[in-house]
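K.L.:
here's my sequence, what's the structure:
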Amino acid sequence: MSALLPVLERAKLLLRHGTNDSVIGNCSGFDFGLCGCPRPCQTSSRGKGWDDTVITASTMIQANRVQTLGVIVYLAQARHSSYGRDSLQLLRLSVRSLMQNYNFRNRDDMLFLHAGDINMTSQRSILAELGPDVVGRFKQLGPYDFEVPPGLPPRNEWAQARSFSVGYRHMIRLFAIGLWGIVAREGYEYVMRMDEDSFVFDPIQYNVFERMRAEGLDYVYRAAVWDRPWQEANFFKFVKLFLEAHQVRPKWLLEPCRLNISRPGSELGLDRFLYRLCGPLYGIYNNFFASRVAFWLEPQVQAYLAFVAASNTIYTHRWNDILWHSIAIQSFVPRERVRMLRDFTYEHMTFRSHPISKDGNILGLNADPEFLSGKSIRCMQYGGLALGTNPSPKTLARFHEMMHAPVCRDNDRGQRMKRPCVVRTSPIATTTTERHRAPFESLFLGPVQTQSTHCDGEPPKPYYCHSARKAQQSWYGPECECDPMSARTSNFTACFSMLRDEFGRWGKAQAEATNGSWWVDRQPSLGAVAGPRGKKYVVEKRLGH
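P.N.:
Reported below is the predicted structural model:
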């Protein structure tokens with residue numbers, strides 16, 4: 001089958017012939033799970049291409065130790081293929097935050113997947129962060145995890161070819177499709193994903209995997225995102241083709257779609273699953289998630305993953321793992337078995353270098369001068385910070401710092417400024433006790449939010465629970481304090497500046513009330529990556545990216 005065929009025509013052929021048909025190319029060389037092609041079904045063998053060397057001293061001492069209920073997985077790399085950053089340094093900081101706030105207490109096994117570009121010295125330096133009581137190991141992925149499917153069009157014809165590398169698309173395929181078989185063959189019941197730029201702030205007071213088992217949860221996450229895929233209308237049609245062909249009745253995928261008001265109370269069918277009716281997909285921001293592995297190995301879910309893999313849209317359209325996770329969870333998992341965790345602070349922010357415009361300000365947000373030194377700056381590209389229920393002063397200072405950091409524009413010509421969404425704590429404080437709570441609960445760029453899957457859950461509720469939402473604003477969510485769709489940048493800038501000042505006044509008031517100086521004395525550190533290394537950048541250097 002020609003890879004140049006329109007995606008929907010290719011999808012119809014996949015459904016007609018099956019993903020194992022020779023016309024597809026032997027499953028396009030993907031590992032769909034424990035028993036999927038091209039690997040045979042095996043639970044004890046590690047398979048070819050694995051580096052099973054366990055190099056931590058702790059593992060040598062605890063050779064007979066029973067492995068934990070779940071495993072924490074990182075994809076490790078020496079340098080990011082799309083962003084060009086020092087990935088090992090970020091990974092070290094991420095592991096340090098995870099150990100400090102979660103895994104020194106829980107001691108879950110940790111698995112670092114890599115492509116062979118991390119030498120033994122670097123592996124040892126990362127594993128040294130785990131301490132003596134945590135089993136951690138590096139495993140090299142096989143060559144099939146880095147092969148481009150045959151028959152694809154030239155790379156310059158792929159969606160967003162310049163912005164996202166081939167390696168980035170391999171990563172999407174790994175976390176959407178290949179991960180489940182890898183972890184199942186290792187014998188784990190649950191898996192948690194962390195990214196090199198994912199950070200856990202403030203202690204998590206329980207074991208995530210044990211809580212999932214006790215409460216019967218299949219999937220937990222920390223933030224949501226309304227992702228607008230390239231050719232969004234075709235994406236919806238693509239998913240609809242599979243669901244109809246396999247007679248799937250989605251669990252809660254259709255809830256954002258508009259009900260036919262002429263038939264109140266009628267069941268919402270797949271005929272309504274269209275982008276123009278449903279809006280952008282309610283997505284799982286899956287740079288942090290934990291999931292029950294057996295769910296992904298169920299026959300219906302495996303068929304879905306095989307369909308996705310054989311379509312090649314991960315490569316040609318950059319339809320990402322956020323989309324594939326979200327469709328799977330909302331189609332096959334009852335909503336009561338899915339939960340957003342809210343009780344710890346989580347950051348996932350992508351930073352990149354950005355040239356300064358001629359007027360010295362690429363932001364429109366009046367950034368602090370120390371961020372604008374040199375010919376380029378480190379600016380916030382995507383993601384953000386969600387505060388937990390009891391954030392520490394250090395975490396609140398980080399929030400304050402991010403409100404003062406530069407925000408990237410969508411391109412180097414300074415067009416289409418990315419506008420942060422600040423979500424106010426709800427309900428608004430009225431008592432003396434409540435006034436000690438931070439006035440805001442999250443700061444995110446783009447469509448990322450901190451909303452849960454439950455309309456009757458903790459506020460803020462999912463956007464589809466609001467009856468008066470604006471169709472074109474839904475992907476930002478209606479709870480943004482400043483309107484991201486404001487026609488005038490000056491209006492948004494004034495609003496954001498007002499909120500930033502409000503948070504600063506609140507922080508100083510807390511410092512005065514507690515006879516502390518943590519807020520007043522702390523200085524921004526995000527600029528330390530690109531700016532001069534003066535005294536003021538040292539205070540929270542370990543939190544800077």
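K.L.:
alpha carbons only for contacts and neighbour counts from here, please
P.N.:
OK.
K.L.:
F344 contacts D202, correct?
P.N.:
Yes. Using CA atoms under 8 Å, F344 is in contact with D202, at 5.9 Å.
K.L.:
of the two, give the one with the bigger neighbour count.
P.N.:
The neighbour count for F344 versus D202, taken as other CA atoms under 10 Å, is higher for D202 (24 against 19).
K.L.:
quick one, what contacts the more buried one?
P.N.:
Applying CA atoms under 8 Å, 6 or more residues apart in numbering to D202 gives the contacts 101, 344-345, 388, 390-392, 395.
K.L.:
for those residues, which single residue is the most surrounded?
P.N.:
When neighbours are counted by other CA under 10 Å, T345 leads the contacts of D202 with 26 neighbours.
K.L.:
the host helix or strand of R500 - contacts with which helices or strands?
P.N.:
In the assignment (DSSP states H and E), R500 maps to helix 489-513. Using 3 or more CA pairs under 8 Å, 6 or more residues apart in numbering; DSSP states H and E, the elements in contact with helix 489-513 are helix 393-403, helix 518-521.
K.L.:
now for the helix or strand in which W226 is found, which elements pack on it?
P.N.:
Element membership for W226, per DSSP H and E: strand 224-227. Judged by 3+ CA pairs under 8 Å, 6+ apart, strand 224-227 is in contact with strand 281-284, strand 448-449.
K.L.:
any idea which of those strands scores lowest on pLDDT?
P.N.:
Within the helices and strands packed on strand 224-227, the stretch with the lowest mean pLDDT is strand 448-449, showing a mean of 68.
K.L.:
show me the shaky parts of the protein.
P.N.:
By pLDDT under 70, the weakly predicted segments of the chain are 1-5, 18-65, 79-85, 258-267, 353-377, 409-417, 426-435, 447-479, 484-487, 516-545.
K.L.:
domains for it, by residue range?
P.N.:
29-221, 345-543 (automatic domain parsing).
K.L.:
which ones are touching Q205?
P.N.:
For Q205, counting by CA under 8 Å, 6+ apart, the contacting residues are Y102.
K.L.:
now do the phi/psi pair for it.
P.N.:
Main-chain dihedrals, Q205, degrees, to the nearest 10: phi -90, psi 20.
K.L.:
what segments of the stretch 51-200 of the chain are helices?
P.N.:
Ranges of helices in the stretch 51-200 of the chain, per DSSP state H, counting those that start in this stretch, are 57-61, 87-98, 104-106, 120-127, 166-173, 179-186.
K.L.:
any chance of these in CSV, plus mean neighbour count and distance to V423?
P.N.:
Formatted as CSV, the helices of the stretch 51-200 of the chain follow (neighbours: other CA atoms under 10 Å; distance: least, CA to CA, whole Å):
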stretch, mean neighbour count, distance to V423
helix 57-61, 15, 43
helix 87-98, 21, 24
helix 104-106, 17, 31
helix 120-127, 15, 35
helix 166-173, 20, 29
helix 179-186, 21, 33
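K.L.:
quick one: which of the ones you listed is nearest N156?
P.N.:
helix 166-173 (11.0 Å; CA to CA).
K.L.:
just want the angle from that closest one to helix 179-186.
P.N.:
70 degrees (axes from the mean of the first three to the mean of the last three CA atoms, to 10 degrees).
K.L.:
could you dump helix 166-173 to PDB, C-alpha only?
P.N.:
Below are the C-alpha coordinates for helix 166-173, written out as PDB (Å, rounded to 0.1, in the frame of the first residue of the first chain):
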ATOM      1  CA  VAL A 166      12.500  11.300  13.700                       C
ATOM      2  CA  GLY A 167      13.700  10.500  17.200                       C
ATOM      3  CA  TYR A 168      10.800  12.400  18.600                       C
ATOM      4  CA  ARG A 169       8.400  10.300  16.600                       C
ATOM      5  CA  HIS A 170      10.100   7.100  17.700                       C
ATOM      6  CA  MET A 171       9.400   8.400  21.300                       C
ATOM      7  CA  ILE A 172       5.700   8.800  20.500                       C
ATOM      8  CA  ARG A 173       5.600   5.200  19.200                       C
END
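K.L.:
other SSEs contacting it?
P.N.:
Contacts defined by 3+ CA pairs under 8 Å, 6+ apart place helix 166-173 against helix 313-316.
K.L.:
show residues contacting the helix it packs on.
P.N.:
7, 152-153, 157-159, 166, 169, 172-173, 308, 319-320.
K.L.:
tell me where the stretch 301-450 of the chain has strands.
P.N.:
Secondary structure of the stretch 301-450 of the chain, counting by DSSP state E, counting those that start in this stretch: strands at 338-340, 345-355, 376-386, 420-424, 440-445, 448-449.
K.L.:
reformat the ones you listed as TSV; add distance to H400.
P.N.:
Below are those laid out as TSV (distance: least, CA to CA, whole Å):
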stretch	distance to H400
strand 338-340	24
strand 345-355	13
strand 376-386	11
strand 420-424	12
strand 440-445	10
strand 448-449	18
